[in-house]
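Novice: Sequence and predicted structure are below.
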Amino acid sequence: MNLISKQSARKWGAGLMAAALLLGGGLLPAETSHAATSKTQSKANLVVLKSNGTISQQTGIFKDGQVWVPLSFMRDVLRMPLTYDKKENTYTVGKGTAQTKLMVSDYGISISVNNFYIKEYEGKNINNRLYVPFGLLNDYLGYQGDWNAASGRLNVMSRPQNPLTIATESYVNDQAGATIKLDYPQISGLASTDAEQAINNTLKQTTMSFAAAAEKDIALKGDEEDRPYEYDAYYIVTYNQNGVLSLITTQYGYTGGAHGMTYRQAFTFSLKDGKRLLLGDLFGANPNYKKELNAKLSKLIKAEDGYLGGFTGLNTEKYFYLKDGKAVLFFQLYEYTAYAFGFPEYTFSFKELLPDGSSPFTALK
């Protein structure tokens, strides 16, 4: 994931196509010759899609090194609710914090989950049907897959999740010359009410601190500043297994100038006691984890085209989130790279950080 901004959101809505995809197999406006060529190329790359071991009539496509799943499979087989907004040319699939929007425009097919822009995944028009990479379902929508490359079959299964409920709360304050709309998560259903309260307090207080800072800025806003101030906050859940919850939050503020500014935070909690976990809590079984991370990060970040200098090692262990079998470390805008580069992210497998094969969650049980 990378920078989410108002600029991105506006870009999605620009230059919308004149007609919608018909998910039951209908076509997008396209030249006949192009559609025929795509169809011929894709026949050899068809993927048999199964749901919990049962073969479906829907098929996927293997393309660009990954499996692509049609939106119709998500609707008809996985039973995910699906709607289409003709005015915005936007498809909405799923519900709750996994609700996903695909915005079709001249720029491509952008994806957001829970209003959080996902940079690493985009939709694709293949043979004039709408597809998403299976990685999207695996990383953010609560599914896992058993992929057999030899037979060209993908079995899609629900991923075991922690028994809790995640709901979105919002802080809204619209006033003359400024709008504030901040979404933040609150959880329920934990065995420990103390842990539940600790997690909810942390997440709410983070949002309320941003709201207070925003309202202070608005109070100082001069009348000569005719462009309205805007403040938004979103979040996305990246890991909800093994007694651990991991998520990312973004806080965006526009107070004039060429662009706004986005700040990212990440929170990984132990559901047993509500503690916010740091890298050392998960990977401390490897006494060299920080030294190894700093060595790898130094090479990676200094090789970036947008590197501005100044990296000497991790100065916090909070800027990370978990995905299935992986930890993703990130840095803030301008921290070490140019603004246009977005949030630098670097992914490390648990096996890299714990080479003895132990689990990062052992000490939490």
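Specialist: Perfect, thanks for sending it.
Novice: Following the lowest-mean-pLDDT helix or strand in the chain in sequence, what is the next regular element?
Specialist: The helix or strand of the chain with the poorest confidence is helix 32-42; it has a mean of 36 (mean pLDDT, DSSP states H and E). Beyond helix 32-42 on the C-terminal side, the first helix or strand identified by DSSP states H and E is strand 46-51.
Novice: And for that following strand, what's in contact with it?
Specialist: Contact with strand 46-51 is made by 55-56, 58-62, 67-69, 73, 77-78, 151-157, as judged by CB atoms under 8 Å, 6 or more residues apart in numbering. (C-beta placed from N, C-alpha, C; glycine too.)
Novice: Narrow those to those in helices?
Specialist: residue 73 (DSSP state H).
Novice: which among the contacts of strand 46-51 end up buried?
Specialist: 58-62, 67-69, 73, 77-78, 152-156 (16 or more other CB atoms under 10 Å).
Novice: Strands along the stretch 51-200 of the chain, start to end?
Specialist: Listed in chain order, the strands of the stretch 51-200 of the chain (DSSP state E, counting those that start in this stretch) span 54-63, 66-70, 82-85, 90-93, 100-105, 108-113, 116-122, 124-126, 129-133, 143-148, 153-158, 165-175, 178-188.
Novice: Same list, those strands, but as JSON lines with distance to residue 311 please.
Specialist: JSON lines is the format used below for these (distance: least, CB to CB, whole Å):
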{"stretch": "strand 54-63", "distance to residue 311": "36"}
{"stretch": "strand 66-70", "distance to residue 311": "31"}
{"stretch": "strand 82-85", "distance to residue 311": "43"}
{"stretch": "strand 90-93", "distance to residue 311": "39"}
{"stretch": "strand 100-105", "distance to residue 311": "34"}
{"stretch": "strand 108-113", "distance to residue 311": "30"}
{"stretch": "strand 116-122", "distance to residue 311": "22"}
{"stretch": "strand 124-126", "distance to residue 311": "35"}
{"stretch": "strand 129-133", "distance to residue 311": "31"}
{"stretch": "strand 143-148", "distance to residue 311": "35"}
{"stretch": "strand 153-158", "distance to residue 311": "39"}
{"stretch": "strand 165-175", "distance to residue 311": "34"}
{"stretch": "strand 178-188", "distance to residue 311": "30"}
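Novice: so which of the ones you listed gets nearest residue 273?
Specialist: Comparing these by their distance to residue 273 (CB to CB), the top pick is strand 178-188, with 13.9 Å.
Novice: Please identify the buried residues of that closest one?
Specialist: 178, 179, 180, 182, 183, 184, 185, 187.
Novice: where's residue 69 relative to residue 62, distance?
Specialist: Separation of residue 69 from residue 62 (CB to CB, to the nearest Å): 11 Å.
Novice: Likewise for residue 163?
Specialist: For residue 163, the distance to residue 62 - CB to CB - is 35 Å.
Novice: Could you tell me which ranges of the chain sit under the pLDDT cut-off?
Specialist: Along the chain, the parts satisfying pLDDT under 70 run over 1-44, 223-225.
Novice: and the angle for the longest helix along the chain with strand 178-188?
Specialist: Longest helix in the chain, counting residues (DSSP H): helix 193-219. Angle between the axes of helix 193-219 and strand 178-188 is 180 degrees (criterion: axes from the mean of the first three to the mean of the last three CA atoms, to 10 degrees).
Novice: Show me what counts as buried in helix 193-219.
Specialist: Buried, per 16+ other CB under 10 Å, within helix 193-219: 195, 196, 198, 199, 200, 203, 206, 207, 210, 211, 214, 218.
Novice: what about the strands in the stretch 251-365 of the chain?
Specialist: Using DSSP E, counting those that start in this stretch, strands in the stretch 251-365 of the chain cover 261-270, 320-323, 326-330, 345-349.
Novice: how far off strand 345-349 does the third one point, in degrees?
Specialist: Read that as strand 326-330. Using the same axes, to 10 degrees: strand 326-330 against strand 345-349 is 160 degrees.
Novice: rewinding a little: now tabulate the strands of the stretch 251-365 of the chain in JSON lines and tack on mean neighbour count and distance to residue 240.
Specialist: Listed next are the strands of the stretch 251-365 of the chain as JSON lines, based on neighbours: other CB atoms under 10 Å; distance: least, CB to CB, whole Å:
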{"stretch": "strand 261-270", "mean neighbour count": "20", "distance to residue 240": "10"}
{"stretch": "strand 320-323", "mean neighbour count": "22", "distance to residue 240": "9"}
{"stretch": "strand 326-330", "mean neighbour count": "20", "distance to residue 240": "14"}
{"stretch": "strand 345-349", "mean neighbour count": "15", "distance to residue 240": "18"}
